[in-house]
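got a predicted structure here, sequence first:
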Amino acid sequence: MSDTEYFDFFKGIVDSEEGPIVICNLDYRIVYANPAANTYYSTVSPLEGKLLESLMDEEMMSKVVMSVEWFKEDKKNNKVYALHDSKHNVDMYILAIRKHNEKLIGFYGRREDRNPDRGRQFDLD
């Protein structure tokens, strides 16, 4: 499979997620946001190209930096609980992105639903 085909598959996965996914490089710049993220953060979208520090308060940015530094400490450090969004009843996480050799190359934020009614098994209606 070519790199372009891999890219199309992985972008398709990220774009099909119902929850926001924001992907950043190690300079804390947003390199990609899926359509759900641009909707979720509509007041500041489009997100691509922006530095996180321009979108977050100092306390939250400090927590993101601490998370990324923790990812750098050990290849097993890959997921941090960030916050709970009570309005949407979801938890937000920061996750490491690593190359095949386990070198940290970036990180991303995504949500996990707390409400089991949102994710019914095989709900085809």
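Received it, and whenever you're ready, just let me know what you need. Numbering: from 1, shown residues only.

residue contacts, the residue lying closest to M56 once chain neighbours are set aside?
In space, and not counting its chain neighbours, M56 is closest to V64: 7.0 Å by C-beta to C-beta, 6 or more residues apart in numbering. Where C-beta positions appear, they are placed from N, C-alpha and C, glycine not excepted. Residues in contact with V64 (C-beta atoms under 8 Å, 6 or more residues apart in numbering) are 28, 52, 56, 82, 94.

isn't S45 up against N34?
No: counting by C-beta atoms under 8 Å, S45 does not reach N34; the two are 11.1 Å apart.

looking at the two, which is more packed in?
N34 (23 against 14; other C-beta atoms under 10 Å).

any idea how far Y32 is from the nearest residue to the more buried one once chain neighbours are set aside?
Using C-beta to C-beta, 6+ apart and skipping the chain neighbours, the partner closest in space to N34 is I21 (4.6 Å). Using C-beta to C-beta, to the nearest Å, I21 is found at 8 Å from Y32.

swap in S86?
The value you get for S86 to Y32, if C-beta to C-beta is used, is 27 Å.

pLDDT weak spots in this structure?
For the chain, applying pLDDT under 70 flags the ranges 115-125.

cutoff 80 now
Within the chain, the segments meeting pLDDT under 80 span 88, 113-125.

good, we can wrap up now.
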